Every structure is written in structure tokens, then in C-alpha cells.
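Chemist: need a 3D model of the following:
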Amino acid sequence: MVSPHHGAPGSVISGAGGLPPLHPAAEHFSFSTLHPQQYTGLYPHLQVRNLNVRTKKGEQLVNNLSMEVKAGEILSIMSTNGCVATSLLEVIAGRGQYSGHISLNGQAVSSSDLRRISAYARADSVLHPDLAVHNCLCFYSKLRRPNKSRGKMPIEEQVRMVTEELGLSPVLDTKISELTKSEYSRLLVAIQLLTDPQVLCIGHITHTMDIFDTFFLVEFLRQWASGATGGVTGRIVVMSLQPPTYEILTMVSRLVMLSGGETMYHGPARHLAQYFTSVEYPCPAYKNPSDYYLDLVTLDDLSAEAMLESSQRVDQLASLYRRRQQPLSETQPYALPTKFMLAGPLAQMFALVMKEAVYSQPSSFFKWVSRVLLSALMSVIMGAIFWDIPASDPQLYREDRLGYHYSMMVVAAWPLMMVLGFSRTHGVNRRAAESDLRQNLYNRTLYIVCSLVFTLVPSALIWLAYLLPAYCMTGLYDQSTADGLTFYLGYGVVHLLSLQLWTAAVGEVVPGGRCSAGVVAGLVCAAMGASSGYPLHRADAPAPLVIAAAATPLPWLYTPLVAREMSQDTLTHLNQHLVCRNKQVQHQDIIVQLPCPVANGTLALLHHGFPVESDGQRSQYSSLFDSPPTGSPVVPPLVVLTVAALVTVVAFTLSPLVTMYGRQRR
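Modeler: Residues are numbered from 1 along each chain as shown. Predicted coordinates for the structure are as follows:
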């Protein structure tokens, strides 16, 4: 890729401050189709009066701040603590709690108004890694768009213009996970520009950029705010710069400097050195004023004496500014900017479907294919271990049938269960979803429902690839009825999908990382397996464990599987092809070989405590929708799957409360 400071296509930079010259844009940049005469050059005008921001513990972040910024200006926030700048940006963007007065165009505005007017490019925003840059912009443009009163522009045209101006055209087809830090930061800004905001807040995204990339971005924002692109004026940019270089400082219109929540300076950036010189703190020659004065107002904790001296200096400068502070300008009331259009439930669902089915391809497809191959390999290994069970264990002495089903449904499936169950609950995909949810781009419940739909279908194919080869290699598929294989695959897939959903639910509600969630999910799965009847007799299992396991899918789906394998009809059909070599009798002077006697599957089930019918035979399903017979301890498999899905939805919905509780405890 050609970096923006080396002449990226569509760049708006013309070169300044000794940096390499940059070529001007071939086309004007504009997201709005409003007539230029509708703008006066004075609006929007943002004013903040007596603003106070506190943490939840009551600690002071911003104390009695008053400032203003109007159309065409960039306001740079410089603070000795990054949390202070972040909190101030969140307040201006309508996402933080505060006390005081905020007005826009001379009218008081609430946090909800600011949230629908201003855009906020957060430094900690996480984007979906499998999306390409072009698809990412298309996805977010479907969730939040400019108001129709500003004109309706095709999405493709919006994406083309914003990528050209921000130097992202060469990486349109590049996955987000492969972007450089600078490209990633510019993409965060591009997403917000798609809404044509009148107030644009930018967090600490320049921290990961070098001087050239930062210069490129600030110069673009300066021209975008000043209306040099397309003849449209009337935009405000509020951003955090910690601290800017001298060249970048000259491109910033206004500056506010904070230390310990107190205002050290607010005014034109070009007057920064002049103001501090007037209070007897001149900037030394060949020093960057922003760097020097930010160090000046920073508390020095290297020693007690240095801490005392620096705190006294900060208090003195704060007191001097309060006495010298100029009153804010008087603004005539003017109409507020139009609000963004947020996607409704149907539009959100359509955007999420497009992301899963179109935008994330082919990366998502290749990922699922690799998992199918991995599951098939695991199945072949298990089939080799339990090769030809009817011939190796015709009399049920070794209990290979019970052991095979238990191993396939609990033990061997656990690695895949962790991969599939935690794919949406942990990692960068989960962080990206939570980042979108914090911005209220879509509903949490709607997201998990769409995710479940697009997860269950490929997961079912994975579990089919996991079950089919091993079952054929064991020789258990040749049963008395034609539906033996379909019965096993149907029950097995539903069982494994249900366990996968339960694993995902555990991952949602367990605070901490993937390891802690895996440990808890492993303990839950071990408890379910212990109460299934194979590793531990049901009569010996503790009553609380049996009751708790009854709420999980394993007891309900494992029991009919083994009951069908141990039924008299199935065992008789499998044994008719076997020859019992120690059963020889003489019949009319001819020694004949008798067939092996059929083992008693009912006794084998009773030995482990499995419930059986009074006639010694298990009732069986012919369909996944069948209702359970009277007295049977099983329920229809699809009911079990539905319950597991509902548990996962509830767990994902309540996961923010669990996260909040964990943070409060820490």
C-alpha cells in the first residue's frame, strides 16, 4: 500500500511544515447535498458551561469547565490523564454522565440529542476481523445513515469518496485483521464520516500513528471541518492529541489543556505560548509549546519535594486561568442539525444477515471448512479405536457400545465443543460485537438470535462430519430398521448442538477469559457425564447432581441412543452375521456351528441404572418431533435444542450484568 503521506490517491494534503508534499484530491469530498447557502459559517456552535464530570466513585475528572467551538474549527483536548480527555469526549458525544450545561446552536441539548447528532470514533473500538474494508463500511452504513433531508447518496458512492480521501482505496479488499495500525485508525474515522456528522469526536486514535500519518489525518479533518471540500461548511471536530507536534499544533484551531480536572488553558491554539508567557512561564527556544506546557502542568511524583512543587504550580495556574478566563460568546438560537437515521429491527436483522452471509465471505466459509475437516479427522480416530464393535464385543462384556456413545458425545467432542461454543463468546469477534452494542447499532437479543441461526447450520454439518465416519467404522449402523443411521445422526447432532449452546451459555456468564470459562464449562460437562449412567451408576450419583443434570441435554438424549443400541431387535440383527466358534453341536452325524446367543441388552442397561419399560424394551422414536411415551424419562430432541437456545439467549442478554459485577468486585 502507498502510505497517505507518500501521495495516496485522493489525498487532500498539499504539504506543510517541512513534510513531503502531498497531491490534492482529484474530486471534492462531500457527504451532504444541502445547498451551501443554508450555512452561515457560524453553525454548528457548541458551548459548554460549568461542566463537571465525576467517576462512579465520586472522583473528579473535569471540574467547572467552560469552553466553546464553532463551525470549521478543530478543538484539541490535551490532558495529563488520558481518562480525562476520554470522559470529556464521551460527554460531548452524548455517552457520558455530567453536570452542567451544554448547548448547540444556542439551544440546550441533552445527552440523547448529542448521541443522535455527534459521531464518536473511539480508540478502543473493535471491528469485525473477517470483514474487508469495503464490506465493513457497507455493513456500518446500513446501521446508521444521514437523515434523508440531507439527500440520499448510494452507499457505494459514499464508500468510494471516504476511502479515497482517507487513503484507504488501496486496501479496500484487505481484511481488517491485516490492516496496519494507521489504516485501522483511519477506518474508524471513515465509518463515522459515513453519517455526515455535524460534530465529530475522535479519541486517542493518533497514539498508534507516526507523525506523517497523524499529519495526514489532522490536515484532512481541518479541511473537512472548514468546508474546503465541496463548498459545504458547518462541522466541528473535537479530538484528543497527547501532545501534538508543532506542525500539527498549527493546524488545530482551538485547544483546551486540563490537569487534575482543572482547566489550565482554553483558547486559540496559536495563543498558547503567548498566554503562558503572560503568566511568567515562557516557552524556551526550539521547544514544542504543547509538549513543554503539558509537562509544566503534570504532577511530578518522583519525590515528595517535586510533587509538592508541581502541585503548587498546577494550583497557581488553575487559579490564574479562572481569573483571566474570557466569557463565552453570545449565540443566537438556530435550528439544531438533523439527527442520524438509526436502523430499525428489520434493517438491523438484514444488516446482520448480510454480514454473516455475504460480507464475511470467503473467510468465514474457509474457517468452517477447516473445522469440518478437523471434525472428520477426529471421527476417523474414534472409529479406529472402536472398530467393528459387534464382532469385538458381541456379548456386551466390555460395554463397548456404551463406551463408544459416551466417548463420542462427551469426551472426544469436548475440544470441538470449546472451539464452536466459545467462538462467539470470547476473542475478537465477541469484542467487536460488544463494541457495536455499546454504540447501540443493533439490539443485543436480535444479534444473538441471528448469530445462533448462522452458527447452528454450519455447526450441524461439522457434527455430521464428526459422527458419520466413526459410526460407520464401528459397524453399529447395520440395524434391523432402515432408519438406524438417521436416528443416530439426528439424535447425535441435536445432542451435540445442545451441548454447544450450553457451552456458549457458560462462556457468556462466567467472568474472565477463555481459560476460566473453559474450566467451568468442563466441570459442568463432567458433572453431566457423571450423571448420564455410564461412568457412574445412577443410584450412586448424588441426588443434587442428578437433579442439576436433568436440566441439561445429556441425560435426555444419551439415554434413547444407548437404549436403541441395546434393544433386543438391534442385538439380534447384528448377531445373526456372527459365528460363535465355541458353540458346536452334532446333528445327524454332522457337526454344525450354532449362532451366538443374543446378549440381554436390558440387563446391561439395568446394570448402569438406565430406566427401561416394564416389558424390558425401550420405547423408541421414529422422528425428532415425537412426544415421549408414558413413563419415559426422555423428551423430544428438538425441545431440548430449543431450551438450550433459549438458555444461550438469556445468558447473552444478561452477560453485561455479569461483566459489570465482575468489574465492581475488581
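Chemist: got the contact list for Ser532?
Modeler: Tyr406, Val410, Ala549, Leu554, Pro555, Tyr558, Thr559 (Cβ atoms under 8 Å, 6 or more residues apart in numbering). The way it works is simple: take the backbone N, C-alpha and C, and place the C-beta from them, glycine included.
Chemist: next helix or strand past the helix or strand harbouring the first one?
Modeler: By that I understand Tyr406. For Tyr406, the element it lies in under DSSP states H and E is helix 400-406. Downstream of helix 400-406, the next assigned helix or strand under DSSP H and E is helix 414-421.
Chemist: buried sites along that following helix?
Modeler: Of all the residues in helix 414-421, those buried under the rule 16 or more other Cβ atoms under 10 Å are Trp414, Leu416, Met417, Met418, Leu420, Gly421.
Chemist: so where do the strands sit in the stretch 51-200 of the chain?
Modeler: Using DSSP state E, counting those that start in this stretch, the strands found in the stretch 51-200 of the chain span residues 60-70, 74-79, 99-104, 107-108, 118-121, 144-145, 199-202.
Chemist: got any ranges where the stretch 301-450 of the chain has weak pLDDT?
Modeler: Along the stretch 301-450 of the chain, the parts satisfying pLDDT under 70 run over 393, 395.
Chemist: the stretch 51-200 of the chain now?
Modeler: 148-153.
Chemist: quick one: the helices in it?
Modeler: 82-92, 111-117, 133-143, 155-165, 181-193 (DSSP state H, counting those that start in this stretch).
Chemist: and the buried residues of helix 414-421, which is closest to Thr602?
Modeler: Distance ranking of these against Thr602, using Cβ to Cβ, places Trp414 first at 30.5 Å.
Chemist: so that closest one sits against Gly518, correct?
Modeler: No. Between Trp414 and Gly518 there is no contact under Cβ atoms under 8 Å: 9.5 Å.
Chemist: for Leu42, grab the count of nearby residues.
Modeler: Summarising burial for Leu42: neighbours were counted as other Cβ atoms under 10 Å, giving 16.
Chemist: how about the secondary structure of it?
Modeler: coil (DSSP: H, G, I helix; E, B strand; the rest coil).
Chemist: Leu61 is nearest to which of the helices of the stretch 51-200 of the chain?
Modeler: Leu61 sits nearest to helix 82-92 of all the helices of the stretch 51-200 of the chain, at 4.8 Å, using Cβ to Cβ.
Chemist: export that closest one to PDB, keeping only CA atoms.
Modeler: Once non-C-alpha atoms are left out, helix 82-92 reads as follows in PDB (Å, rounded to 0.1, in the frame of the first residue of the first chain):
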ATOM      1  CA  GLY A  82      -5.900  10.200  29.300                       C
ATOM      2  CA  CYS A  83      -9.100   9.200  31.200                       C
ATOM      3  CA  VAL A  84      -9.900  12.900  31.500                       C
ATOM      4  CA  ALA A  85      -9.800  13.500  27.700                       C
ATOM      5  CA  THR A  86     -11.800  10.300  27.100                       C
ATOM      6  CA  SER A  87     -14.500  11.300  29.700                       C
ATOM      7  CA  LEU A  88     -14.800  14.800  28.100                       C
ATOM      8  CA  LEU A  89     -15.200  13.300  24.600                       C
ATOM      9  CA  GLU A  90     -17.800  10.900  25.800                       C
ATOM     10  CA  VAL A  91     -19.800  13.700  27.300                       C
ATOM     11  CA  ILE A  92     -19.700  15.800  24.100                       C
END
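Chemist: for the stretch 251-400 of the chain, which segments are assigned as strands?
Modeler: Going by DSSP E, counting those that start in this stretch, the stretch 251-400 of the chain shows strands at 254-259, 262-268, 341-342.
Chemist: dump those into TSV; add mean neighbour count as well.
Modeler: Below are the strands of the stretch 251-400 of the chain laid out as TSV (neighbours: other Cβ atoms under 10 Å):
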stretch	mean neighbour count
strand 254-259	24
strand 262-268	20
strand 341-342	16
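Chemist: any chance of those in TSV, plus distance to Asp130?
Modeler: Shown next, in TSV, are the strands of the stretch 251-400 of the chain (distance: least, Cβ to Cβ, whole Å):
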stretch	distance to Asp130
strand 254-259	39
strand 262-268	43
strand 341-342	24
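Chemist: out of those, which gets the lowest mean score?
Modeler: Mean pLDDT per stretch puts strand 341-342 lowest among the strands of the stretch 251-400 of the chain, at a mean of 85.
Chemist: and that one, how far out from the chain's middle?
Modeler: Centre-to-centre, strand 341-342 and its host chain are 21 Å apart (Cα atoms, centre = their mean, to the nearest Å).
Chemist: that one pairs with which strands?
Modeler: strand 144-145 (antiparallel) (DSSP bridges).
Chemist: how much distance is there from the partner strand to the middle of the chain?
Modeler: The answer for strand 144-145 is 20 Å, by Cα atoms, centre = their mean.
Chemist: quick one: contacts of that strand?
Modeler: Residues contacting strand 144-145 (Cβ under 8 Å, 6+ apart): Leu194, Thr195, Phe340, Met341, Leu342, Ala343, Leu441.
Chemist: got a winner among these for most neighbours?
Modeler: Top of these by neighbour count (other Cβ under 10 Å): Thr195, with 26 neighbours.
Chemist: any idea how far Leu561 is from it?
Modeler: 53 Å (Cβ to Cβ, to the nearest Å).
Chemist: before we move on, back to that, dump the contacts of strand 144-145 into a markdown table; add distance to His266 as well.
Modeler: Formatted as a markdown table, the contacts of strand 144-145 follow (distance: Cβ to Cβ, whole Å):
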| residue | distance to His266 |
| --- | --- |
| Leu194 | 31 |
| Thr195 | 28 |
| Phe340 | 29 |
| Met341 | 34 |
| Leu342 | 33 |
| Ala343 | 38 |
| Leu441 | 33 |
